[in-house]
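Student: just a sequence and a predicted model for now, questions to come.
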Amino acid sequence: MKTIGVLTSGGDSPGMNAAIRAVVRSAIYNGIKVMGIERGYNGLINGKIKEMNLSSVGDIIHRGGTILKTARCEEFKTEDGRSKALNVLEIFGIEGLVVIGGNGSFKGAQKLSHSGIKTICLPGTIDNDLPYTDYTIGFDTAVNTVLHSVSNIRDTSASHGRASIIEVMGRYCGDIALYAGLAGGAESVIVPEEEYKKEDIFRKLINGRNRGKMHSIIMLAEGIGNAFDLGKEIEEKTGIETKVTVLGHIQRGGSPTAFDRILASKMGAKAIELLIDGASGRAVGMKNNSLIDLDIDEALSQDKQFDKDMYKLTNILSI
Ligand SMILES: Nc1ncnc2c1ncn2[C@@H]1O[C@H](COP(=O)(O)OP(=O)(O)OP(=O)(O)O)[C@@H](O)[C@H]1O
Ligand SMILES: O=P(O)(O)OC[C@H]1O[C@](O)(CO)[C@@H](O)[C@@H]1O
């Protein structure tokens with residue numbers, strides 16, 4: 001393999017830069033030329049491509065976002081869009097491609113692999129919603145960002161004797177809410193994977209107040225009802241003043257944690273190892289602390305396992 005490309009696609013996530021750095025440096029170490037493709041599949045279709053060298057990825061391991069920029073590209077979902085992309089890959093002599101993104105990006109990569117381009121996918125998303133890997137690049141940083149906010153909100157919540165609903169991202173996956181909820185001592189964690197009764201939340205709040213508790217954190221995963229409506233209902237049913245904070249895109253930025261930088265570095269290097277071995281259509285993941293790779297279709301067809309034990313523990317500890 002003489003020349004490969006690397007792109008980031010879908011939502012960005014902290015650690016994507018560390019992954020790009022690992023891809024570029026491992027490739028160059030192995031005598032492979034690397035082309036950086038800007039704005040995901042959009043840049044691929046439009047030929048936004050430039051060669052990368054050792055210093056292109058200097059001073060980025062600690063930076064959030066992605067130096068290659070990212071995009072969601074509807075055109076790439078069409079045959080016509082992908083055929084333009086294949087032409088561009090041929091023009092630039094790109095034989096292998098490393099795609100860093102979420103499940104949509106993986107689907108696009110698999111289609112390129114079926115057209116003869118050797119593709120390797122790295123899981124880059126804060127949501128931790130890819131079923132085949134224990135962790136995605138950016139998830140740990142997002143959880144820590146949420147945790148920092150929980151601490152700040154807890155201070156003011158306690159001073160005023162209020163309850164706080166904190167809405168976090170995750171799309172259809174409750175992992176950010178669950179991990180940050182357990183680590184932040186949330187009283188209730190509401191996730192799409194588990195049914196919940198509002199009455200349980202009200203009862204916990206009232207019990208807590210009766211034993212002198214001055215703050216209550218309710219961690220709410222996005223997409224499950226309206227946080228502000230829930231806040232009003234809590235006030236009506238418990239008499240406890242309730243504030244809502246929607247953390248939003250703050251969770252997608254920031255310097256990656258050591259965990260994410262190491263995960264990204266290991267995965268980036270693994271992608272190059274796989275390409276050198278002639279692999280294609282593979283997804284790299286981390287299972288039980290070991291790097292794994294498997295077919296993209298198999299990776300996407302697995303069911304995401306929600307950690308019910310962790311959810312139960314959160315409820316026990318917040319009794
Ligand atoms: N079925 C598909 N076929 C071809 N390309 C696809 C397909 N699904 C998604 N893509 C491409 O991948 C891009 C990124 O997908 P998507 O917007 O779903 O984000 P993602 O990779 O899942 O990341 P995130 O989890 O951060 O949202 C899409 O904009 C599109 O270009
Ligand atoms: O930045 P956008 O395009 O609004 O997407 C937001 C979505 O992307 C994510 O941040 C990452 O997939 C989700 O948690 C969220 O639902």
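Tutor: Here it is on my side, so go on. From a predicted model like this one, the values you see are computed outputs, not experimental measurements. Ligands and ions are numbered 1, 2, ... in the order given.
Student: return the nearest residue of the stretch 151-300 of the chain with respect to ligand 1.
Tutor: Among the residues of the stretch 151-300 of the chain, Arg171 lies closest to ligand 1, at 6.5 Å counting by Cβ to the nearest ligand atom. No exception for glycine: its C-beta is placed from N, CA and C like everyone else's.
Student: just give me the neighbour total for that residue.
Tutor: Number of residues near Arg171 (other Cβ atoms under 10 Å) recorded here: 17.
Student: helices along this protein, start to end?
Tutor: 16-29, 40-45, 79-91, 103-114, 139-160, 175-183, 198-210, 227-238, 258-276, 296-301, 308-317 (DSSP state H).
Student: is ligand 1 contacted by the second one?
Tutor: Yes. With Cβ under 6 Å from any ligand atom as the threshold, helix 40-45 lies in contact with ligand 1, specifically through Tyr41.
Student: that helix and ligand 2 in contact?
Tutor: No. Counting by Cβ under 6 Å from any ligand atom, ligand 2 has no neighbours in helix 40-45; the shortest distance is 12.2 Å.
Student: from Asn152, how far out is the residue of the stretch 151-300 of the chain closest to ligand 1?
Tutor: According to Cβ to Cβ, to the nearest Å, Arg171 and Asn152 sit 25 Å apart.
Student: same question for Asn53.
Tutor: The gap separating Asn53 from Asn152 is 41 Å, by Cβ to Cβ.
Student: what residues does this protein put near ligand 1?
Tutor: 9-11, 41, 72-73, 76-77, 101-105, 107-108, 111, 125, 127.
Student: could you flag which of those residues are buried?
Tutor: Among the residues of the chain next to ligand 1, those scoring as buried are 9-11, 41, 72-73, 76, 101-105, 107-108, 111, 125, 127 (criterion: 16 or more other Cβ atoms under 10 Å).
Student: got the end-to-end distance for stretch 112-129?
Tutor: 22 Å (Cα to Cα, to the nearest Å).
Student: do I have it right that the residue of the stretch 151-300 of the chain closest to ligand 1 meets Leu130?
Tutor: No. Contact between Arg171 and Leu130 fails when scored by Cβ atoms under 8 Å: they sit 11.4 Å apart.
Student: overlap in contacts, these two.
Tutor: The contact sets of Arg171 and Leu130 do not overlap (Cβ atoms under 8 Å, 6 or more residues apart in numbering).
Student: got the buried residues for stretch 62-79?
Tutor: Residues of stretch 62-79 classed as buried: 63-73, 76 (neighbour count, 16+ other Cβ under 10 Å).
Student: quick check: closest non-adjacent residue to Thr245.
Tutor: Residue nearest to Thr245 in three dimensions, not counting chain neighbours: Ile166, with 5.2 Å by Cβ to Cβ, 6 or more residues apart in numbering.
Student: what's the answer for Asp140, then?
Tutor: The shortest distance from Asp140 to any residue that is not its chain neighbour, by Cβ to Cβ, 6+ apart, is 4.3 Å, and that residue is Phe259.
Student: wouldn't that neighbour be in contact with Val143 here?
Tutor: No. Judged on Cβ under 8 Å, Phe259 makes no contact with Val143 at a distance of 9.6 Å.
Student: give me the more crowded residue out of those two.
Tutor: Counted by other Cβ under 10 Å, Phe259 and Val143 do not tie: Val143 has more neighbours, with 26 against 16.
Student: and for the closest residue to ligand 2 within the stretch 151-300 of the chain, the neighbour number?
Tutor: Ranked by Cβ to the nearest ligand atom, the top residue of the stretch 151-300 of the chain for proximity to ligand 2 is Met169, at 3.3 Å. Taking other Cβ under 10 Å as the neighbour definition, Met169 ends up with a count of 23.
Student: and it, how close does it get to Gly116?
Tutor: 36 Å.
Student: of the buried residues of stretch 62-79, closest to Ser157?
Tutor: Among these, Gly64 lies closest to Ser157 (Cβ to Cβ), at 27.2 Å.
Student: which ones are touching the closest one?
Tutor: With contacts defined as Cβ under 8 Å, 6+ apart, Gly64 is in contact with 12, 14, 17, 141, 252-256.
Student: and the residues you listed, which are buried?
Tutor: For the contacts of Gly64, burial is judged from neighbour counts taken by 16+ other Cβ under 10 Å, and it is met by 12, 14, 17, 141, 252-254, 256.
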